[in-house]
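In: sequence and computational prediction follow.
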Amino acid sequence: MPTDPEPRLVFQGAAWKSGLRTLGSLAVVAIFVFMLIYGQETRRYSKEMGDIISIGCIAMFGWNAGFSFLRLCFPPELILTHEGFSVRGLRKAQLVPWGDVQGFDLVKQRGGTTVAGYVLKPGVKSGARDRSLTRFLMPGFDGAIAVFPEESPGYVVKVLNDWRWRYAPPS
């Protein structure tokens with residue numbers, strides 16, 4: 001007798017965005033390496049100051065290129081099951097049960113990015129709730145789901161709320 005498969009929905013991060021960030025960061029690194037090697041003194045900056053700026057930009061954009069490349073190789077995923085949701089990325093995925101979630105809503109972060117945020121019910125223990133960075137970036141929310149799929153964050157919030165209403169145990 002066949003059994004119905006467990007309901008499961010996976011949103012995967014857009015690979016083209018990570019690829020574009022990687023290429024852009026590598027291009028900027030190449031420009032600053034060129035400036036470091038062939039840079040000259042100008043009226044505005046000495047050669048040493050130009051070298052310091054170049055090294056700082058190479059470090060910053062090199063880190064961004066490395067992180068973007070990792071996201072390209074291991075794209076983040078938002079996984080929805082009948083038990084709850086989890087975000088798989090570079091860190092270990094942790095399942096958040098639907099019964100622990102009070103609701104999902106859009107969060108406009110201080111950087112201008114809009115992501116799906118969630119609020120946990122009072123009394124639920126969470127590592128994200130205790131992080132001061134989470135409280136600073138998203139006041140009033142216990143966590144964010146920053147997978148950045150092709151779908152809009154509004155659609156992701158709608159799907160998350162639908163799954164929560166469908167599978168959360170009645171309180």
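Out: Cool, got the structure. None of the values given here were measured: they were computed from a predicted structure.
In: go through stretch 22-39 and flag the buried ones.
Out: Buried residues in stretch 22-39, defined by neighbour count with 16 or more other Cβ atoms under 10 Å: Thr22, Ser25, Leu26, Val28, Val29, Phe32, Met35, Leu36, Gly39. Placement of C-beta: from N, CA and C, glycine included.
In: repeat that for stretch 69-78.
Out: Buried residues in stretch 69-78, counted by 16+ other Cβ under 10 Å: Phe69, Arg71, Leu72, Pro75, Pro76, Glu77, Leu78.
In: can you give me the helices in the protein?
Out: Taking DSSP state H as the criterion, the chain carries its helices at 15-38, 47-73, 127-130, 132-137, 153-167.
In: rank these by mean pLDDT and give me the bottom one.
Out: Among the helices of the chain, helix 127-130 carries the lowest mean pLDDT, a mean of 52.
In: most centrally placed residue in this structure?
Out: Residue closest to the average C-alpha location in the chain (Cα atoms, centre = their mean): Ala146, at 3.5 Å.
In: number of nearby residues for the closest residue to Phe104 other than its chain neighbours?
Out: Of all residues not flanking Phe104 in the chain, Leu160 sits nearest, at 4.4 Å (Cβ to Cβ, 6 or more residues apart in numbering). Leu160: 23 surrounding residues under other Cβ atoms under 10 Å.
In: try the one 5 residues further on
Out: In terms of burial, Trp165 registers 9 neighbours under the definition other Cβ under 10 Å.
In: next one: it from Leu120, what distance?
Out: From Trp165 across to Leu120, the span is 16 Å (Cβ to Cβ, to the nearest Å).
In: now Arg91
Out: Using Cβ to Cβ, which is the criterion applied here, Arg91 is 18 Å from Leu120.
In: what do you get for Phe11?
Out: Here Phe11 is placed at a distance of 20 Å from Leu120 (Cβ to Cβ).
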